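Chemist: Build me a model:
(4 chains)
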2 protein chains.
Amino acid sequence: MGRNRTKSGKIRLAEVAELAGVSPITASRFFRNPEALSVAKRTRVESAARELGYVPNLAARALASQRTEVIGVLIPSLTNNVFSDVLRGIYDASENSRYSIQLSNTRYSILQEEKLLRLFLAQKPAGLIVTGIDQTTESRAMLDAADCPIVQIMEIGPNPVDMMIGFSHYDAARAAIAHLFAQGHRKIGFVGARMDPRVQRRLDGYVSAMKDAGLFEQRLVVTTATPTSVTLGGALFTDLLAREPGMDAVFCANDDLALGVLFECRRREIAIPEQIAIVGFNDLEFMASAVPTLTSVRTNRYEMGNTAATMLIDAIDGRRPEHPVLDLGFKVIERQSSSPRRADNRPAVSGAGAANKMVALPSGHD
Amino acid sequence: MGRNRTKSGKIRLAEVAELAGVSPITASRFFRNPEALSVAKRTRVESAARELGYVPNLAARALASQRTEVIGVLIPSLTNNVFSDVLRGIYDASENSRYSIQLSNTRYSILQEEKLLRLFLAQKPAGLIVTGIDQTTESRAMLDAADCPIVQIMEIGPNPVDMMIGFSHYDAARAAIAHLFAQGHRKIGFVGARMDPRVQRRLDGYVSAMKDAGLFEQRLVVTTATPTSVTLGGALFTDLLAREPGMDAVFCANDDLALGVLFECRRREIAIPEQIAIVGFNDLEFMASAVPTLTSVRTNRYEMGNTAATMLIDAIDGRRPEHPVLDLGFKVIERQSSSPRRADNRPAVSGAGAANKMVALPSGHD
DNA sequence: GTCTGTGCTGGTAGCGCTGTCAACGTTCCT
DNA sequence: AGGAACGTTGACAGCGCTACCAGCACAGAC
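Modeler: As a prediction, the model looks like this:
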């Protein structure tokens, strides 16, 4: 018995097999495909493993089987709370599987992404989750050649590498603008930061909606490459206001910016929504509790991460999903900051948590 | 040449060695300890590896060397933005090392932590980062027995397992209350959510400061086990106000709660700081840009993660730090929400980014 | 000239597990 | 009854790398 023990004192599969009275390979099978064993041996191996406190050596398994049980995840930012929700979904889904998550941060650089992709692929991951649909041609070639399932998350578009889950940022922005139109707003500004591909598509959606209505003007758009923040929202709004004092609404590319605009309005004593309406994007938790409560476009971030990881794991295990491209849609959550103008300029006292009118839309593909 | 190629088409060390005209073991040494090679062989192996695009097989290395290049990280939450800053620091520090991060979420459960710890330790990590100092005795025993460097982060306390980096939440809370006392406040409420050990210590600091001043009353404290949120801040503050309408300040266990209190005050038309002062904790970005700007206790979260990972990697590589326990301290950032009462009840128009008065304190050890 | 020490290099023997294939016993069909 | 088909089991041979130890050449000490 002792002779089967590792030098390091760890219990090996051989020892479990010996105690169970089976060959090592049978014990090995127990951990990979228990159904293949007879019930008698299965229970024998199981109890032997438990008795000895056996923990498989993943390195040996990876070496022998020529594959790992690692899911690589490439996201552009760890700071942005949008990704923390997605990540939580991914980790939750991976928790009860035998796969572990290997996370890397591309810092919004597709070159960095390419480099990380090369690194990941060299270790033969079981699967890969990548953000967005804008990869370098080199990255794209690597992804196409990869022999593991891949999920692209955050948005949907044509030509998926493999699986895809997200929504149309373009349509979501158009829906936000349509909502503002419906409330009677016309001079609608756009405030955006970071300007990654998804924010860019929101801008595109805004531009097209405004053009469709014959209301687009370049000076209504203020953007910057700087990372987003609440403070930045106030600063960009200040710029916008200087360019176009007659503006009656602002569409913010994310909720942090929207909060910054809210505070800046308060600082300038601009009434919301009477003088200026605000719409954010993502529907972070605080939007429902701000004063006034802030309208936003709800995106299903946790669900996105969770479903992506679940789909990926299923695909790794050979259960490919029926629909490899999944549109999670979005909802425009209408709140006080964009409600129709009223005579009473004060927000309701019990504003937080008040029933939110919702407009749900699946985003159009392509 | 071809015969050294893996079935999978990957280049092995043996092939690099052959091209370089050295033995495999010499090539192996090149990657682990280049200084041990003569300059001639070093350059030969280097160029051979580059020419072939060699990428080491980590599983084989781990199996043969009986150790991994994985740093395990155990944090209680992925949602809390406090941890996203810490994580960013950790990932940044690991990026240019050969170690990779394996992250797991304990969900604020020390039992879950114990389970994960067992899992991690079984894979022989190169190092471990764990959150806080409140482990189960079983966990503590495992950590003590672990044969890898360990860093405890987020707080400091007696009996470090190995290394430790953080600050005293107790002292930080006392400093916040001292600041409020200095501004003339007396009836100071406490609002806390989640009540993990660190929040509990902030509460302890609050209680002791209030007792020292002979001002403590149990009904000034409102806490809940519910996870924190902005909305919850408003709700808890509402409770507090119902219990003690005469309150003149609130110390919030974190900034989300503080923002919720701010909005609730606005909803109730309570003037800040004239009627009630607010102090938060962590100094998230939005605190400087709220209206009025919100006082908070700044904690060095990114630096904490970054330094923890750097210390850990150094220790793994045999360079143990001079001081295994590092107190990163904190700063009370005084802003409008706790400024002395003024006749003018309106906040300054250019409030955001206005010079912040700071009170820096190292937290006392133990 | 012999001995010891140092710097570099290579051979051997696994690390712990799994893929492949063959073999076994049993059942079911013709 | 004979044979095919199936389910179950085990032997063998590595997966790609590194720990360990031995060996070599050379330098310096006696």
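
Chemist: Residue A:323 - that's part of a strand, no?
Modeler: No - secondary structure of residue A:323, determined by DSSP: H, G, I helix; E, B strand; the rest coil: coil, with no strand assignment.

Chemist: What's the separation between it and residue A:84?
Modeler: According to C-beta to C-beta, to the nearest Å, residue A:323 and residue A:84 sit 27 Å apart. Heads up, the C-betas are built off the backbone N, CA and C, glycines and all.

Chemist: These two: which has the busier surroundings?
Modeler: A direct count of neighbours by other C-beta atoms under 10 Å in any protein chain shown for residue A:323 and residue A:84 places residue A:84 higher, at 24 against 10.

Chemist: Pull the contacting residues for the more buried one.
Modeler: Taking C-beta atoms under 8 Å, 6 or more residues apart in numbering or on different chains as the criterion, residue A:84 is in contact with A:78, B:78-79, B:81, B:84.

Chemist: Assign it to helix, strand or coil.
Modeler: Using three-state DSSP, the structure places residue A:84 in helix.

Chemist: nearest residue to residue A:97 other than its sequence neighbours?
Modeler: Setting aside the residues directly before and after it, residue A:97 is nearest to residue A:313 in space (C-beta to C-beta, 6 or more residues apart in numbering or on different chains), at 5.0 Å.

Chemist: Please tell me the pLDDT value assigned to the residue nearest the centre of chain A.
Modeler: The structure's chain A has its C-alpha centroid closest to residue A:86; by C-alpha atoms, centre = their mean the separation is 3.8 Å. For residue A:86, the pLDDT comes out at 97.

Chemist: now swap in residue A:80 and tell me
Modeler: 88.

Chemist: So it versus residue A:332, what's the distance?
Modeler: Relative to residue A:332, residue A:80 is positioned 21 Å away (C-beta to C-beta).

Chemist: what does residue A:110 give?
Modeler: Taking C-beta to C-beta as the measure, residue A:110 falls 30 Å from residue A:332.

Chemist: The two: which is more packed in?
Modeler: Neighbours of residue A:110 and residue A:332, each counted by other C-beta under 10 Å, are more numerous for residue A:332; the result is 26 against 17.

Chemist: and the gap between that one and chain B?
Modeler: With distances taken as C-beta to the nearest C-beta, to the nearest Å, residue A:332 is found 20 Å from chain B.

Chemist: Would you give the sheet partners of the helix or strand containing that residue, along with the direction of each?
Modeler: Here residue A:332 is covered by strand A:330-334, with elements defined by DSSP states H and E. Paired neighbours of strand A:330-334 in the sheet (DSSP bridges): strand A:296-299 (antiparallel), strand A:357-361 (antiparallel).

Chemist: quick one: low-confidence ranges for the stretch 251-366 of chain A?
Modeler: Across the stretch 251-366 of chain A, the stretches falling below the confidence threshold (pLDDT under 70) are A:341-366.

Chemist: so which residue of it comes closest to DNA strand D?
Modeler: Taking C-beta to the nearest atom of the strand, DNA strand D has its nearest neighbour within the stretch 251-366 of chain A at residue A:318, 17.4 Å off.

Chemist: Tell me the secondary structure of that residue, please.
Modeler: Going by three-state DSSP: residue A:318 is coil.

Chemist: gap between it and residue A:309?
Modeler: Remark: distance between residue A:318 and residue A:309 (C-beta to C-beta) = 16 Å.

Chemist: again with residue A:29
Modeler: Counting by C-beta to C-beta, the gap from residue A:29 to residue A:309 is 27 Å.

Chemist: For these two, work out which one has more neighbours and name it.
Modeler: Set side by side, residue A:29 and residue A:309 show unequal neighbour counts under other C-beta under 10 Å, the larger going to residue A:309 at 29 against 18.

Chemist: so that one touches residue A:126, yeah?
Modeler: No - at 11.5 Å, residue A:309 and residue A:126 do not qualify as touching, with contact defined as C-beta atoms under 8 Å.

Chemist: Spit out the residues that contact the two alike.
Modeler: Residues within reach of residue A:309 and of residue A:126 at once, by C-beta under 8 Å, 6+ apart, are residue A:71.

Chemist: about what we covered before: can you tell me which of the contacts of residue A:84 are in helices?
Modeler: Secondary structure defined by DSSP state H assigns B:81, B:84 of those to helices.

Chemist: Now that we have the contacts of residue A:84, can you turn them into TSV and tack on distance to DNA strand D?
Modeler: Output for the contacts of residue A:84, formatted as TSV (distance: C-beta to the nearest atom of the strand, whole Å):
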residue	distance to DNA strand D
A:78	30
B:78	33
B:79	38
B:81	39
B:84	34
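
Chemist: Going by neighbour count, which of the contacts of residue A:84 comes out on top?
Modeler: The most neighbours, when those are compared by other C-beta under 10 Å, belong to residue B:84, which has 24 neighbours.
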